[in-house]
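Engineer: coords please:
(2 chains)
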Amino acid sequence: MMEDLRATIDDIYRRESRRVFATLVRLIGDFDLAEEAMHEAFAAAMQGWPSDGLPANPRAWLVSTARFKAIDVIRRRTRFDASAEELARRYGSWTVDEPLDEQAIKDDQLRLIFTCCHPALSPQAQVALTLREVCGLTTEEIASAFLASPTTIAQRIVRGKAKIRDAGIPYQVPSQQDIPERLNSVLAVVYLVFNEGYFATSGESLTRQNLCAEAIRLGRLLLELLPDAEVSGLLALMLLSDSRRAARGTAAGDVVLLEDQDRSLWNRDQIEEGTRLVEAALASRRFGSYTIQAAISAVHAEAATAAETDWPQIVALYDALLRISPSPVVELNRAVAVAMRDGYEAGLPLIDSLLERGELADYPLAHAAQADLLRRLGRIDEASAAYQRAIAITKQEPQRRFLTKRLCELR
Amino acid sequence: MKYMLLVYGAEDAWTPEERQRCMEDSTALCHELQTKGQFLGASPLHSVTTATSISRRDGKRMITDGPFAETVEQLGGYFLIDVANLDEAIAIADRIPGGKKGTIEIRPILELDLPLPSPPVSAASNGTETETPVADEVPG
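Structural biologist: Down below sits the predicted model:
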């Protein structure tokens, strides 16, 4: 019985602690105090519930208990002699009898997300705060995931919270007119977290590799809280990318290109869910660049073999992507798609002229793409030179190994 | 919360007509903020060529011509506002005409526990017409 209850409390902690925290920040108005009070409330649950039994609404019990714990803390800290009622008035008027409905809980979670991803915070602080406060990762876990020292991450979180407090970043969901801009900031944080995990290699820490799962969880939460086409699009993009996890690298940590991947290793559930989300986002007609990138990924996913890829469709999607968010990297990807659709001779001049413009001179994949088309065209000397240029500037070890292998195969 | 909105920009980016228009629009914004109880003060500054810097090192006073930092964008004016939070300050900063060709830096005011003298009733009650966006009266 005791063990059962302990397991139940553990389970409630896992499921509810971040929601309880989000509500407490609103009621108490301070991140650190909310965290401390929440832990005291869980400690009180551990002590009280075995004899008193499980409360009817554990979440409400925890919020209420934590709020009183917070008032206790404030009373202990300040010599200021305010009565408990006065403090209770200052730090939230909610009582345990009031129901905490689902919508209120959701609003609090959204407040927490928008606050942690406020564009007035540095992107690094946004990421660290989101993983710490919204996802509940420890400072050590975040440090290990981002290959940084715990001190660095702790400092980012402390400074971030200080800026939220001192600059008056509000704990609120932005106004309707500000939502698109502010949502972009949130989506950028989620995608950044995903990409850190996506580019983790098999030798790296599990937390680092698990960042993809964490980002997908965040995407799901966000979609539940704020149904929006681009949120669907980003979640789809992450699911479709992650569906190829088992196929995109070897056990030794080597890169396997899309066209060489064993498609039977692709995760069908993720593809199905991702494709469904993309279609819904496209149908809404209010989608953005994440949705188009997801659509491109979905076209790849539906091809049974690399040869069956619908390249005309992919070129058309890159054209659409270029209209919404023009960038030389998108142009490069489009050029590769054109080469696959119309022939290597058609794609190569596009890449050549892109490289001549200079913006991609330091981008290894531009030289690698050029090298690849030259190789396919049998222009071995030129391909070799382009591979060497790519190898010289790449900073990622798996990429270097892959390019070196390709270079050696030329000879 | 109180915020100082610092208006930075390149001084030569404005024609005299544009500058005049900017002053008028800024003044209109001040009046609007005043009706909402958000206005504490505002003013453009003379050109940075009129700036004088003074510092004290090892007990010795140094007076020099020019601003503290030589930058392309110069401090050209300020607004002092009282709003609920940073998002409201951002919304106001976004409407400052000087931001069209420059940058608005938002700085929260550090409130001291130490008592300060109360502000004068009017900062610009010299009776003359002025282009500067200064309120007729300061609330509180």
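Engineer: Name the SS class of B:Val7, please.
Structural biologist: strand (DSSP: H, G, I helix; E, B strand; the rest coil).
Engineer: correct me, but it touches B:Ile96?
Structural biologist: Yes: counting by C-beta atoms under 8 Å, B:Val7 does reach B:Ile96; the two are 6.1 Å apart. C-beta here means a position set from N, CA and C on the backbone, and glycine is covered the same way.
Engineer: The two: which is more packed in?
Structural biologist: B:Val7 (25 against 20; other C-beta atoms under 10 Å in any protein chain shown).
Engineer: And A:Ser297, how far from A:Ala229?
Structural biologist: 16 Å (C-beta to C-beta, to the nearest Å).
Engineer: ugh, typo on my part, it should be A:Ser51
Structural biologist: Between A:Ser51 and A:Ala229 the computed distance is 51 Å (C-beta to C-beta).
Engineer: what about those two, which has more around it?
Structural biologist: A:Ala229 (19 against 6).
Engineer: Pull the contacting residues for the more buried one.
Structural biologist: Taking C-beta atoms under 8 Å, 6 or more residues apart in numbering or on different chains as the criterion, A:Ala229 is in contact with A:280-281, A:284-288, A:291.
Engineer: Lowest-confidence member of those, which is it?
Structural biologist: Lowest pLDDT among these: A:Arg285, with 84.
Engineer: which ones are touching it?
Structural biologist: A:Ala229.
Engineer: A:Ala280 too?
Structural biologist: Here A:Ala280 is in contact with A:229, A:232 (C-beta under 8 Å, 6+ apart).
Engineer: ok so it is a helix residue?
Structural biologist: Yes: according to three-state DSSP, A:Ala280 belongs to a helix.
Engineer: distance of it from chain B?
Structural biologist: According to C-beta to the nearest C-beta, to the nearest Å, A:Ala280 and chain B sit 31 Å apart.
Engineer: And for the residue in the stretch 251-400 of chain A that chain B sits nearest to, nearest residue in space, chain neighbours not counted?
Structural biologist: Per C-beta to the nearest C-beta, A:Gly288 is where the stretch 251-400 of chain A lies closest to chain B, at 21.9 Å. Nearest residue to A:Gly288, sequence neighbours excluded (C-beta to C-beta, 6 or more residues apart in numbering or on different chains): A:Glu230, at 4.7 Å.
Engineer: Test my guess that that neighbour contacts A:Ile292.
Structural biologist: No: counting by C-beta under 8 Å, A:Glu230 does not reach A:Ile292; the two are 10.2 Å apart.
Engineer: So between those two, which is more surrounded?
Structural biologist: Taking neighbours as other C-beta under 10 Å, A:Glu230 and A:Ile292 compare with A:Ile292 leading, 25 against 21.
Engineer: Give me every residue in the stretch 51-200 of chain A lying close to chain B.
Structural biologist: Within the stretch 51-200 of chain A, the positions lying close to chain B (C-beta under 8 Å from any C-beta of the partner chain) are A:118, A:120, A:166-170, A:172, A:174-175, A:178.
Engineer: Let me see the backbone angles for the closest residue to chain A within chain B.
Structural biologist: Closest residue of chain B to chain A, C-beta to the nearest C-beta: B:Asn85 (3.7 Å). Main-chain torsions, B:Asn85, degrees, to the nearest 10: phi -160, psi 180.
Engineer: out of everything not next to it in sequence, what's closest to it?
Structural biologist: Of all residues apart from its sequence neighbours, A:Pro170 sits closest to B:Asn85 (C-beta to C-beta, 6+ apart), at 3.7 Å.
Engineer: shared neighbours, B:Val7 and B:Ile96?
Structural biologist: B:79, B:104.
Engineer: Okay, now the unreliable bits of the chain?
Structural biologist: Defaulting to chain A. A:1-2, A:78-99, A:201-203 (pLDDT under 70).
Engineer: nope, chain B
Structural biologist: B:121-140.
Engineer: burial count for A:Gln293?
Structural biologist: 24.
Engineer: for the host helix or strand of it, packing partners?
Structural biologist: When elements are assigned from DSSP states H and E, A:Gln293 belongs to helix A:289-302. With contacts taken as 3 or more C-beta pairs under 8 Å, 6 or more residues apart in numbering or on different chains; DSSP states H and E, helix A:289-302 sits against helix A:229-242, helix A:268-284, helix A:311-324.
Engineer: Which residues does it contact?
Structural biologist: Against helix A:289-302 from outside (C-beta under 8 Å, 6+ apart): A:187, A:191, A:229-230, A:232-234, A:236-237, A:240-241, A:243, A:258, A:266, A:271, A:274-275, A:277-278, A:281-282, A:309-310, A:313-314, A:317-318, A:320-321, A:324-325.
Engineer: Mind checking which of these are buried?
Structural biologist: A:187, A:191, A:229-230, A:232-234, A:236-237, A:240-241, A:243, A:266, A:271, A:274-275, A:277-278, A:281-282, A:309, A:313-314, A:317-318, A:321 (16 or more other C-beta atoms under 10 Å in any protein chain shown).
Engineer: And the spatially most distant residue from the centre of chain B, its phi and psi?
Structural biologist: Relative to the centre of chain B, the most outlying C-alpha is that of B:Asp58, 32.0 Å out, by C-alpha atoms, centre = their mean. Main-chain torsions, B:Asp58, degrees, to the nearest 10: phi 50, psi 40.
Engineer: could you measure whatever residue of the stretch 151-300 of chain A ends up closest to chain B against B:Ala91, distance?
Structural biologist: Ranked by C-beta to the nearest C-beta, the top residue of the stretch 151-300 of chain A for proximity to chain B is A:Pro170, at 3.7 Å. Here A:Pro170 is placed at a distance of 11 Å from B:Ala91 (C-beta to C-beta).
Engineer: Give me the more crowded residue out of these two.
Structural biologist: A:Pro170 (17 against 13).
Engineer: quick one: secondary structure of that one?
Structural biologist: Applying three-state DSSP: A:Pro170 is coil.
Engineer: Look at B:Ala84 and tell me its secondary structure.
Structural biologist: Applying three-state DSSP: B:Ala84 is coil.
Engineer: What ranges does chain B have for its strands?
Structural biologist: B:2-9, B:39-44, B:52-57, B:60-65, B:74-82, B:102-108 (DSSP state E).
Engineer: Specify the angle between the fourth one and strand B:52-57 in degrees.
Structural biologist: To tie it back to what came earlier, the one meant is strand B:60-65. Angle of strand B:60-65 versus strand B:52-57, following axes from the mean of the first three to the mean of the last three C-alpha atoms, to 10 degrees, is 160 degrees.
Engineer: From the contact counts, what lies against the helix or strand containing A:Gln370?
Structural biologist: According to DSSP H and E, A:Gln370 maps onto helix A:364-376. Identification of packing neighbours for helix A:364-376 by 3+ C-beta pairs under 8 Å, 6+ apart yields helix A:328-342, helix A:344-357, helix A:380-393, helix A:397-410.
Engineer: same for the second one, what does it pack against?
Structural biologist: Pointing back at helix A:344-357 there. Using 3+ C-beta pairs under 8 Å, 6+ apart, helix A:344-357 sits against helix A:328-342, helix A:364-376.
Engineer: Can you name the residues that contact the nearest residue to A:Ala148 once chain neighbours are set aside?
Structural biologist: Nearest residue to A:Ala148 in three dimensions, chain neighbours excluded: A:Ile142, at 7.9 Å (C-beta to C-beta, 6+ apart). Contact partners of A:Ile142, counting by C-beta under 8 Å, 6+ apart, are A:128, A:131-132, A:148, A:153.
Engineer: and if you look at B:Gly99?
Structural biologist: B:7, B:93.
Engineer: change it to 10 Å
Structural biologist: B:Gly99 is in contact with B:5, B:7-9, B:93, counting by C-beta atoms under 10 Å, 6 or more residues apart in numbering or on different chains.
Engineer: Quick check: the gap between it and B:Ala84.
Structural biologist: Where B:Ala84 is concerned, B:Gly99 sits at a distance of 21 Å (C-beta to C-beta).
Engineer: Thank you, goodbye.
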